[in-house]
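# next comes the sequence, and after it the predicted model I'd like to discuss.
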There are 2 protein chains.
Amino acid sequence: MKIKFEELKYELKQILLQNGLNEEQAEICSMTHAQASQDGVTSHGVNRIPRFIEYIRKGWINLKAEMELLNKFSVIETYDGHRGIGIVNAKKASERAIDLAKENGIGIVTLRNTTHWMRGGSYILDMVDQGFMGISWSNTESCMPPWGAKEQSIGNNPICMGIPRKNNPILLDMAESQFSWGKIQTTRMNKEQLPFPGGFNTIGEITKDPSEIEESRRIMPMGYWKGSGFAILLDLFSSILSNGNTTAMIDKINQGSGTGSSQVFIAFDPRYFITEMQMEKIIEETIYNIKNSESTHQGVEVRYPGEGQSNNRNVSDNEGIYVDDSIWKKIKIL
Amino acid sequence: MKIKFEELKYELKQILLQNGLNEEQAEICSMTHAQASQDGVTSHGVNRIPRFIEYIRKGWINLKAEMELLNKFSVIETYDGHRGIGIVNAKKASERAIDLAKENGIGIVTLRNTTHWMRGGSYILDMVDQGFMGISWSNTESCMPPWGAKEQSIGNNPICMGIPRKNNPILLDMAESQFSWGKIQTTRMNKEQLPFPGGFNTIGEITKDPSEIEESRRIMPMGYWKGSGFAILLDLFSSILSNGNTTAMIDKINQGSGTGSSQVFIAFDPRYFITEMQMEKIIEETIYNIKNSESTHQGVEVRYPGEGQSNNRNVSDNEGIYVDDSIWKKIKIL
């Protein structure tokens, strides 16, 4: 079905209120999930609501928790999320990073012991909407083998970066695995092959076959050894700078995806660094070059990072947001 | 041939002094190139000296240039490198980032209009040797097509991250292309295929054949669309934060590799964030998990980022540093 943004947000909010969230929490979460679906990131939008509520019911997400300031110096604040709602913690963390950046040109918030932030790009979009450049990343539980190993012991640790722009912002929202487990599952259910190799089979051969990867559990890091190394560094940076859990420690908590994770939010106020006119020149020239590169497939435009999500948002605004009927039924009875 | 570190550094320094570098410049550059070769990064170590001197002779690197402070606020300083020696500028920038981090927990230096920094990991190793965590990146001239395009219009923009450790540090030094042009050339000269797809042929098929990639010039970003997007964001962040050149602007300068590039250096003092004991626990547990994962190839150890370079350094210290005879002959007559 297709549904208008305000209606979707309203429906989600009622469901969240009925499941114990307070007014502020339900407002923030319904907005963030609805926006993710609006931008086409359905996996972490509406589709994720059932699992979110499951985690609340299991006591893995603490609705009573408040983020606590642990440490503050120069442009940095560090918080304990006390396993409260991941979206609410991440929203508040990115708001504090913006406030610190307003005063100092840069603001950094590190957040430990939080829960799954859902769509990582959400908090960077908050920053760019207010004119700030942003970088954020999170560690996760183990879901990928390090390069050269058979067993999962590294996270797919997403990193997000964004740059404000008059019209559509530039947004990178990238996990360290080449494909998500969700994409592998969907591809298998559609009886398709992945467009590029996404993992290994049980005898160690590279494969595009989603069922072989599900069998071996050996999903592939993006860029082979590169994504593996980058995931390890992102994990160590987020856990050290927040004095929080590493991927290995999250595995020991063993309460689903993202429970206990460590995150970093960095906001830059570009006005401290560059004139508005020069920044616009840099961005528009770069986008112009990308958009005007000769395409490998006739009729298919070369896109800049974030363009697809802006396009999806336009479609959603015109035609309504796509919501899977079976998932909607599931949500309505929660 | 094999040569001891001190001897190699001495020989390089004499050659650099004869080519117009002053005492301080020759000391810094001979040390940095010798260390790169010592750690096995020969492409940006001794092997790069002929091209460095070629750039000086062409006037593309200005030996008289001094880094100039343009802007200073909170934990940030921005500099103009005036196309001085890339290594010297990057060394000074990372030292300033360390000084700022000592005072504030974090220090950021942005550097515009510099020249090729050679081995990016060098400056992160300076930070970790002094107990700091570091992140740095640089943009470059166009050398890779963005995802979905035929023509080169994005850089392979290296990013480096490091974490100090009692024995061997953790170091990631990663460009955005899956393989470097140097690796593709060497593989072709050895009449070998790349171990994984590294680009496209002229009819747009993915290939492991180095000569096909050299023909099409269509090298592949690591992780396909992911490395492409990441390269674009790294370019925009470094050029905006330094008020410097983008990849597109570097192309217009058209003076070889890296001339006019924009760089960012971030140092964190972990003592502001975490106790020494907890930091050691985080790092050693993580490395233990990686090293103790079951390997895909019997007898081949799973490695953490930077382990290979530490191993190479040990071999170099015991047996001498490997230097290619033909390159050494070339250098000796410069």
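All right, it came through fine. Because the structure is a prediction, the values reported are computed rather than measured.
# got the contact list for the helix or strand containing residue A:54?
Here residue A:54 sits within helix A:49-57, counting by DSSP states H and E. Surrounding helix A:49-57, the residues in contact under the criterion C-beta atoms under 8 Å, 6 or more residues apart in numbering or on different chains are A:12, A:15, A:19-20, A:29, A:33, A:61, A:63, A:115-116, A:118, A:255-257, A:259, A:327, A:330-331, A:334. Placement of C-beta: from N, CA and C, glycine included.
# same thing but 6 Å
A:19, A:61, A:256, A:330, A:331, A:334 (C-beta atoms under 6 Å, 6 or more residues apart in numbering or on different chains).
# from the contact counts, what lies against the helix or strand encompassing residue A:29?
Per DSSP H and E: residue A:29 is located in helix A:23-38. Applying 3 or more C-beta pairs under 6 Å, 6 or more residues apart in numbering or on different chains; DSSP states H and E, we find helix A:23-38 packed against helix A:5-18, helix A:86-104.
# so which of these gets nearest chain B?
Judged by C-beta to the nearest C-beta, the one of those that comes nearest to chain B is helix A:86-104, at 3.9 Å.
# same for that closest one, what does it pack against?
helix A:23-38, strand A:106-114, helix A:121-129, strand A:261-268.
# most tightly packed of the ones you listed?
Mean neighbour count (mean count of other C-beta atoms under 10 Å in any protein chain shown) peaks for strand A:261-268 among the helices and strands packed on helix A:86-104, with a mean of 30.
# touching chain B at all, it?
No: using C-beta under 6 Å from any C-beta of the partner chain, strand A:261-268 stays clear of chain B, with a minimum separation of 6.7 Å.
# please apply the same query to stretch A:136-145.
No: figure legend: stretch A:136-145 not in contact with chain B (C-beta under 6 Å from any C-beta); closest approach 6.6 Å.
# ok now that stretch, how far from the chain's centre?
11 Å (C-alpha atoms, centre = their mean, to the nearest Å).
# pLDDT score for the nearest residue to residue A:83 once chain neighbours are set aside?
Distances taken as C-beta to C-beta, 6 or more residues apart in numbering or on different chains put residue A:62 closest to residue A:83, at 4.9 Å, once the chain neighbours are dropped. According to the per-residue confidence, residue A:62 scores 98 in pLDDT.
# give me the number of residues near residue A:62?
For residue A:62, the count of nearby residues is 14 (other C-beta atoms under 10 Å in any protein chain shown).
# I'd guess it is in a strand, am I close?
No: counting by DSSP: H, G, I helix; E, B strand; the rest coil, residue A:62 is located in no strand; its state is coil.
# so it sits against residue A:81, correct?
No: with contacts defined as C-beta atoms under 6 Å, residue A:62 does not count as touching residue A:81, sitting 9.3 Å away.
# which stretch among the helices and strands packed on helix A:86-104 comes nearest residue B:308?
strand A:261-268 (26.9 Å; C-beta to C-beta).
# pLDDT averaged over that closest one, what's the number?
98.
# ditto for stretch A:162-174
Mean pLDDT, computed over stretch A:162-174, is 95.
# ok, and what's touching that stretch?
By C-beta under 6 Å, 6+ apart, stretch A:162-174 touches A:120-121, A:124, A:128, A:131, A:133-134, A:159-161, A:283, A:305-306, A:310, B:226, B:229, B:233, B:236.
# walk me through the domains of chain A.
Residue ranges for the domains of chain A, per automatic domain parsing: A:1-58+A:310-334, A:63-175+A:224-272, A:178-220.
# could I get those domains as TSV with distance to residue B:201?
Shown next, in TSV, are the domains of chain A (distance: least, C-beta to C-beta, whole Å):
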stretch	distance to residue B:201
domain A:1-58+A:310-334	30
domain A:63-175+A:224-272	20
domain A:178-220	16
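# so which of these is nearest residue B:244?
Checking these against residue B:244 by C-beta to C-beta gives domain A:63-175+A:224-272 as the closest, at 13.3 Å.
# ends of that closest one, how far apart?
38 Å (C-alpha to C-alpha, to the nearest Å).
# just give the nearest non-adjacent residue to residue A:77, would you?
Nearest non-adjacent residue to residue A:77 (C-beta to C-beta, 6+ apart): residue A:109, at 5.2 Å.
# now residue A:67
Residue A:67 sits nearest to residue A:79 (C-beta to C-beta, 6+ apart), 4.9 Å away.
# which strands or helices does the helix or strand the one you found falls within pack on?
Here residue A:79, judged by DSSP H and E, is contained in strand A:76-80. In terms of contacts (3+ C-beta pairs under 6 Å, 6+ apart), strand A:76-80 is packed against strand A:68-73, strand A:106-114.
# state the distance from the residue nearest in space to the middle of chain A to chain B.
Central residue of chain A (C-alpha atoms, centre = their mean): residue A:120, 2.1 Å from the mean position. Remark: distance between residue A:120 and chain B (C-beta to the nearest C-beta, to the nearest Å) = 14 Å.
# distance check, residue A:43 against chain B.
In terms of C-beta to the nearest C-beta, residue A:43 sits 17 Å off from chain B.
# swap in residue A:38?
From residue A:38 to chain B the distance is 21 Å (C-beta to the nearest C-beta).
# and if you look at residue A:57?
31 Å.
# before we move on, what about residue A:168?
For residue A:168, the distance to chain B - C-beta to the nearest C-beta - is 14 Å.
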